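Q: based on what follows, work out the 3D shape:
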Amino acid sequence: MSPHHRRALTLSMGFAALLYLGFVLVADREAVFAALQRASLTMLLGIFALSLLNYLLRFWRWQRYVAAFDHALPIRRHFLYYLAGFTLTVTPGKAGEAVRSLYLHQHGVTYAQSLAALFVERLLDVLAMSLLALLILLARPDYAWLVAVAWIFTLGLGGLVTRPWLPGKLRGWGRNHRYGHQFERLARLLDAAATLLRPGSLLFGLSLGVLSWGLEGSALYWIAQDIGAGINLATGLGVYAIAVLAGALSFLPGGLGGTEAVMGLLLVAFGADAASAVAITLLCRIATLWFAVALGGVAVGALGINRL
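A: You can find the predicted model right below:
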């Protein structure tokens, strides 16, 4: 990892630590710690297992995407490449995960192909989250406006980037333009993405996205049940999806601040006290965000050792 990336990660972790400390102090430190102490070992192990299964399912999808471009990599090394991207997941829009492209380029995968796979992965994740967000309407129909915002953004973006005429338009706009090479790169990315957005691949990717992110939403539900905040599974999935979408729309590193704030507010709206909401949010983010960052660090270390 470059010094620049290390500094970015360190700053993100420092910001997160201050943010979480602020949440704890505002909600009453003793009450938050009391809520955390109600968490069982079984639940803690279970939520990390759910996150790990999420990563395995998403890697399967990623591997299928790379294979669609006629590339076959050793599965163990490819999995390490995939995990290594999680080290920089605390970047705006998770753009830092594009570091995988540097690893894959050594195996003949072009930057346009790997970035197209990342782009389609992000697009389908947003679509999957928007579908899961619909579940919150079962308990609170008055939250329809939140879901509507997510769907307007998702369908607008998805509808634009899947237009077959767009790459040609970009090339036309880039002709004789000082940044014409950037237009050409974006056009090549969209050309490559079209391969992954064919009906069969689209359905496979979206279905796997709903399943994998649903597992992490289930972790939020499990934490809430264990700590004593009575929400049902559909509500837990909906709260998690809306909170993650809010964090993504904030364009803050890893959604830090936005995701936590929305998650906590929604949990309180569904009956949790402030201290329990903070405890649930902290445990959920540790298991679903920081666990990924830690695994990414281990993967980067393993890849570095292998190069020695």
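Q: can we go C-alpha only for contacts and neighbour counts from here?
A: Will do.
Q: what is the burial count for Ala98?
A: The number of residues packed near Ala98 is 21, by other Cα atoms under 10 Å.
Q: surely it touches Phe86?
A: No: in this structure Ala98 lies outside contact range of Phe86 using Cα atoms under 8 Å: 9.7 Å.
Q: which SSE is immediately downstream of the lowest-mean-pLDDT helix or strand in the chain?
A: Among the helical and strand segments of the chain, the one scoring lowest on mean pLDDT, DSSP states H and E is helix 166-174, with a mean of 65. Per DSSP states H and E, the first helix or strand lying C-terminal to helix 166-174 is helix 180-196.
Q: and the helix or strand that that next one is followed by, what does it pack against?
A: Scanning forward in sequence from helix 180-196 by DSSP H and E, the next helix or strand is helix 199-227. Using 3 or more Cα pairs under 8 Å, 6 or more residues apart in numbering; DSSP states H and E as the contact test, the elements touching helix 199-227 are helix 41-68, helix 111-133, helix 233-250, helix 274-285.
Q: helices or strands up against the first one?
A: Helix 41-68 sits against helix 75-84, helix 111-133, helix 180-196, helix 199-227, with contacts defined as 3+ Cα pairs under 8 Å, 6+ apart.
Q: nearest to Ala294, out of those helices?
A: helix 75-84 (9.5 Å; Cα to Cα).
Q: kindly calculate the angle that the closest one makes with helix 41-68.
A: Orientation check (axes from the mean of the first three to the mean of the last three Cα atoms, to 10 degrees): helix 75-84 against helix 41-68 gives 110 degrees.
Q: send the alpha carbons of helix 75-84 over as CSV?
A: What follows is helix 75-84, C-alpha atoms only, in CSV (Å, rounded to 0.1, in the frame of the first residue of the first chain):
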residue,chain,number,x,y,z
ILE,A,75,-8.6,-18.6,-7.3
ARG,A,76,-6.6,-18.1,-4.1
ARG,A,77,-4.6,-15.2,-5.5
HIS,A,78,-7.7,-13.7,-7.1
PHE,A,79,-9.5,-13.8,-3.7
LEU,A,80,-6.6,-12.0,-2.1
TYR,A,81,-6.8,-9.3,-4.8
TYR,A,82,-10.5,-9.0,-4.1
LEU,A,83,-10.1,-8.7,-0.4
ALA,A,84,-7.2,-6.2,-0.8
